[in-house]
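[1] Attaching a predicted model along with its sequence, questions to come.
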Amino acid sequence: MAASPGGTPAPAVEPLPPQPAAHTPEPGSDSRAGRLSFYTKVCYGIGGVPNQVASSATAFYLQLFLLDVAQIPAAQVSLVLFGGKVSGAAADPVAGFFINRSRRTGSGRLMPWVLGCTPFIALAYFFLWFLPPFTSLRGIWYITFYCLFQALSTFFQVPYTALTMLLTPSPRERDSATAYRMTMEMAGTLMGAAVHGLIVSGAHARNRCEDAVLLGPVAISPDATRLYSIAAAVVAVTYPVCSGVLHLGVKEQPEPSAPASSQSLGFLAGLGLTVRHPPYLKLVISFLFISAAVQVEQSYLVLFCTHASRLHNHVQSLVLTILVSAILSTPLWEWFLQRFGKRMSAFGICVMMPFAILLAAVPTAPVAYVVSFVSGVSIAVSLLLPWSMLPDVVDDFQLQHQHGPGLETIFYSSYIFFTKIASASALGISTLSLEFAGYEAGACKQAEQVVVTLKVLISAVPTCMILTGLCILLIGPAPKPGHLPPSQDTSRQLSLRRRTSYSLA
């Protein structure tokens, strides 16, 4: 083809070979080749619903169940909550290690892990809310099943969240899929709190305490144990249903081939590189405090309304107000994030701080509903922002370090690990403070020191944590772009540099 029949060169043919490269979609482009269908995004979002349903129920009601229904001492409850969170955190690097070493199957490399964990996590969740017939070893029963549930939910959540990187090479589509996921997970959070709360509302009828004058525990109602078991069964069913929808509606894309100059890393070596990556460190440390603050606020709202104010009749409505507000504001925060940037969106987290302090000072119903609505708006952006920034961090890392595929699992698993450690510490220490304040399990009326402690736990503690996290995220040093290899496509470098600096600078 280089010469004509007469032996004369044919230069007009030479420019043709580079043309196929023009049809290769860039990771940062809007090419239709990288676009996800609405059906795929919805099915992907549904896959994250069961973990959020279960997490919502445990976040709002597990502490109340252990203290007032199972009637475990506050010190043991602190050990249960701390041990379960640490178990889930310890499972994160283990999950990342095994998933990183797993081979691709017909269903992909990440999907089999999600499907394999489904039946076991459903059983563990059910027995977490079951009241055993013995009393002396109930603490061991609940710490066993809570640790098992947290560990299995980690093996479910790590591959599911890491699946974001393998849906499409388009960053814009990944952000869109993340928004769908967050919206569906918010719906799952609402469903978990609403369904679980409505079922067990009869277990905490206030009339059982109307005739109680002295401090002391009240006998466990058989109806309470039955209602909690029914609620646990309903939530457990969501795992096989939603996992089936995820498997049928989402196709895991093959991982991009590593460059010829790249090296395949083991898990420990990859973990060592990720934790030394400045943008990743900044993201993780800041959201350690922010996620712990949200966890503390959720865990103690029900206890505050029950024992530190006269809002026990509004508990279910306040919880639903928070979750509905979070769901409705998630799409708005996604638009704001795309329009004004992820750095500017971070200021939305601090909106809840003055209102939380106001609720502790003026615990009336109108104030409580306003605080619940504003808290939902702030919680939505606190949940959306880290998962939108994490893919940018992964891209920034891959531009500076030429390694093979699979490191996205290490980023996601280690991030979940650190945030769970922070939540475990916050919940363990705060619950232990109730023990020191004199909290009595199952009592209708608590001492004044307990009331003051609950007020501090829903106002001052989350405020300090959020302020610390935002200072690290917004005032910390901006990441410096690394020296990129000259062999990499220049337009791709510029596209990813713009996105990562826009998100993290």
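    Okay, I see it.

[2] roughly how far is the host helix or strand of K455 from the heart of the chain?
    Secondary-structure assignment from DSSP states H and E places K455 in helix 448-458. Centre-to-centre, helix 448-458 and its host chain are 27 Å apart (CA atoms, centre = their mean, to the nearest Å).

[3] what do you get for stretch 331-342?
    19 Å.

[4] Go through that stretch and flag the buried ones.
    331, 333-334, 336-337, 342 (16 or more other CB atoms under 10 Å). Quick note: C-beta positions are derived from backbone N, CA and C, even for glycine.

[5] So Q71, which state does it fall into?
    coil (DSSP: H, G, I helix; E, B strand; the rest coil).

[6] So what's the residue count around it?
    Close neighbours of Q71, defined as other CB atoms under 10 Å, add up to 19.

[7] which residues of the stretch 351-500 of the chain score low on pLDDT?
    For the stretch 351-500 of the chain, the stretches flagged by pLDDT under 70 are 401-409, 442, 476-500.

[8] distance of the residue positioned nearest the centre of the chain from S37?
    Taking CA atoms, centre = their mean, the centroid of the chain lies closest to L383, which sits 6.5 Å from it. L383 sits 25 Å away from S37 when distances are taken as CB to CB, to the nearest Å.

[9] same check, this time on D223
    For D223 relative to S37 (CB to CB), the value is 47 Å.

[10] what about the two, which has more around it?
    Counting neighbours by other CB under 10 Å for D223 and for S37 shows that D223 has the greater number, 12 against 9.

[11] Going by neighbour count, list what's buried in the top helix by length along the chain.
    Secondary structure assigned by DSSP state H gives helix 365-400 as the longest helix of the chain. By 16+ other CB under 10 Å, the buried positions in helix 365-400 come out as 367-369, 371-400.

[12] these two touch, right, A187 and V49?
    Yes - when contacts are counted by CB atoms under 8 Å, A187 is listed as touching V49 (6.9 Å).

[13] The two: which has the busier surroundings?
    V49 (25 against 20).

[14] I'd like to know which elements the longest helix of the chain is packed against.
    helix 171-200, helix 278-307, helix 315-340, helix 342-345, helix 352-361, helix 407-437, helix 490-504 (3 or more CB pairs under 8 Å, 6 or more residues apart in numbering; DSSP states H and E).

[15] Where does pLDDT dip in the stretch 151-300 of the chain?
    Looking at the stretch 151-300 of the chain by pLDDT under 70, you get 203-221, 254-268.

[16] picking up where we left off before, which residues does the residue nearest to the centre of the chain contact?
    Counting by CB atoms under 8 Å, 6 or more residues apart in numbering, L383 touches 182, 185-186, 294, 326.

[17] Over to D92?
    So D92 contacts 154, 158, 413-414, 416-417, 420 (CB under 8 Å, 6+ apart).

[18] could you point out which element follows the helix or strand containing it?
    Here D92 sits within helix 74-101, counting by DSSP H and E. Downstream of helix 74-101, the first helix or strand assigned by DSSP H and E is helix 111-128.
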